[in-house]
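Trainee: Generate coordinates for the sequence data below:
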Amino acid sequence: MKETTIVCRCEDVTLEEVRARISRGEYNLEEIKRACRCGMGPCQGRSCTPLIAKEISLATGIPVSEIGLPTFRPLVAPIKLGTLAGGAKHD
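Mentor: Okay, the predicted model is just below:
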């Protein structure tokens, strides 16, 4: 992948940013998440977490299966605001 590849589409975080953090010794998904907001967008990390875990694995030699996943907080599945507000039905 190119360094300019967007890893986290929700927060516009590039592969270059992720690799820079890993090179500074941030080998934990939670650290990277807190530092650059990867996984804090609407998808809650469903698209970027596996990519970042793979990059950590490549840099450290730690198998992806042994890299701890960050804490997922509700709502894990994004929902439309209209669903919470009652949709098109108004009083």
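Trainee: quick one: contacts for I6?
Mentor: I6 makes contact with 12-15 under the criterion CB atoms under 8 Å, 6 or more residues apart in numbering. For every residue, glycine as well, the C-beta is placed using N, CA and C.
Trainee: got a pLDDT number for it?
Mentor: Per-residue pLDDT puts I6 at 94.
Trainee: Please report how far the residue nearest the centre of the chain lies from L84.
Mentor: The residue lying closest to the centre of the chain (CA atoms, centre = their mean) is G39, at 2.7 Å. Distance of G39 to L84, computed by CB to CB, to the nearest Å: 22 Å.
Trainee: Next, count neighbours for the nearest residue in space to the residue nearest to the centre of the chain that is not next to it in sequence.
Mentor: Spatially, and ignoring its direct neighbours in sequence, G39 is nearest to G45 (2.9 Å; CB to CB, 6 or more residues apart in numbering). When neighbours are defined as other CB atoms under 10 Å, G45 has 22 of them.
Trainee: repeat for the one 5 residues further on
Mentor: The local packing count at P50 equals 12, with neighbours defined by other CB under 10 Å.
Trainee: For the host helix or strand of it, what is the distance to the chain centroid?
Mentor: Of the helices and strands defined by DSSP states H and E, P50 is found in helix 48-60. Mean C-alpha position of helix 48-60 versus that of the full chain (CA atoms, centre = their mean, to the nearest Å) differs by 11 Å.
Trainee: and after that helix, which helix or strand comes next?
Mentor: Note on helix 48-60: by DSSP H and E, the next helix or strand toward the C-terminus is helix 81-85.
Trainee: Which parts of that next one count as buried, going by neighbours?
Mentor: Using 16 or more other CB atoms under 10 Å as the test for burial, helix 81-85 gives no buried residues.
Trainee: mind listing what K2 touches?
Mentor: Going by CB under 8 Å, 6+ apart, K2 touches L15.
Trainee: circling back to that earlier point, doesn't the residue nearest to G39 belong to a strand?
Mentor: No. Secondary structure of G45 (DSSP: H, G, I helix; E, B strand; the rest coil): coil, not part of a strand.
Trainee: give the contact list for it.
Mentor: By CB under 8 Å, 6+ apart, the contact set of G45 is 8, 33, 38-39, 70, 72.
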